[in-house]
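Asker: Following is a predicted model, sequence given first.
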Amino acid sequence: MKLIDIMEKVKAEVLCGSEFLNTEVQYAFGSDLMSDVLAYVKGNTLLLTGLTNPQVIRTAEMADVVAILFVRGKIPGKDVIDLAMENSMAVLTTKYTLYTTSGILYSEGLRGIEQD
């Protein structure tokens, strides 16, 4: 599913990286625990989180996350947005909760990462 389609489905706003909205995403992963992101994400993934500190961007970069979707209307600070831009990463925000956002995207065909 393309980021632009995800954006429309969850009524998200782009905070940075609008030039990446045609990027195809294969998986979604929802977590506020960055250790879980590092343990389970295998690239080409959209990260759904409510955590808004710079560690989210650093973790996403290490895990080859395609984009970050902040839930619950969270908007990170300028430092986080700047770091995402430096890493050529799209950042979106939605007012939906993590649970609702995950459900919407799952019902539209975007799957989570299978655990081994």
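Answerer: Thanks, I have the structure now. Note that the structure is predicted; figures quoted are calculated from it, not measured. Residues are numbered from 1 along each chain as shown.

Asker: Secondary structure element for the residue nearest the centre of the chain, which one?
Answerer: Centrality entry for the chain: nearest residue to the mean C-alpha point is Ile68, 2.3 Å, by C-alpha atoms, centre = their mean. Element membership for Ile68 (DSSP states H and E) is strand 65-70.

Asker: helix or strand right after that strand?
Answerer: Following strand 65-70 toward the C-terminus (DSSP H and E): helix 78-86.

Asker: Can you spell out which helices and strands pack onto that following helix?
Answerer: In terms of contacts (3 or more C-beta pairs under 8 Å, 6 or more residues apart in numbering; DSSP states H and E), helix 78-86 is packed against strand 13-16, helix 54-62, strand 90-93. Where you see a C-beta, it was placed from the backbone N, CA and C, and this is true even at glycine.

Asker: returning to that earlier point: for the residue nearest to the centre of the chain, give me the pLDDT.
Answerer: As predicted, Ile68 sits at a pLDDT of 98.

Asker: cool, and Asp116?
Answerer: Asp116 is assigned a predicted lDDT (pLDDT) of 62.

Asker: Could you give me the buried positions within stretch 64-76?
Answerer: Val65, Val66, Ala67, Ile68, Leu69, Phe70, Val71, Pro76 (16 or more other C-beta atoms under 10 Å).

Asker: out of those residues, who's nearest Ser18?
Answerer: When those are compared for distance to Ser18 (C-beta to C-beta), Ala67 wins out at 11.0 Å.

Asker: Tell me the bridge partners for the closest one.
Answerer: Leu46, Ala90 (DSSP bridges).

Asker: who touches it in this structure?
Answerer: For Ala67, the set of contacting residues under the criterion of C-beta atoms under 8 Å, 6 or more residues apart in numbering consists of Leu3, Gly17, Phe20, Thr23, Val25, Leu46, Leu47, Met89, Ala90, Val91, Leu92.

Asker: Perfect, that will be all.
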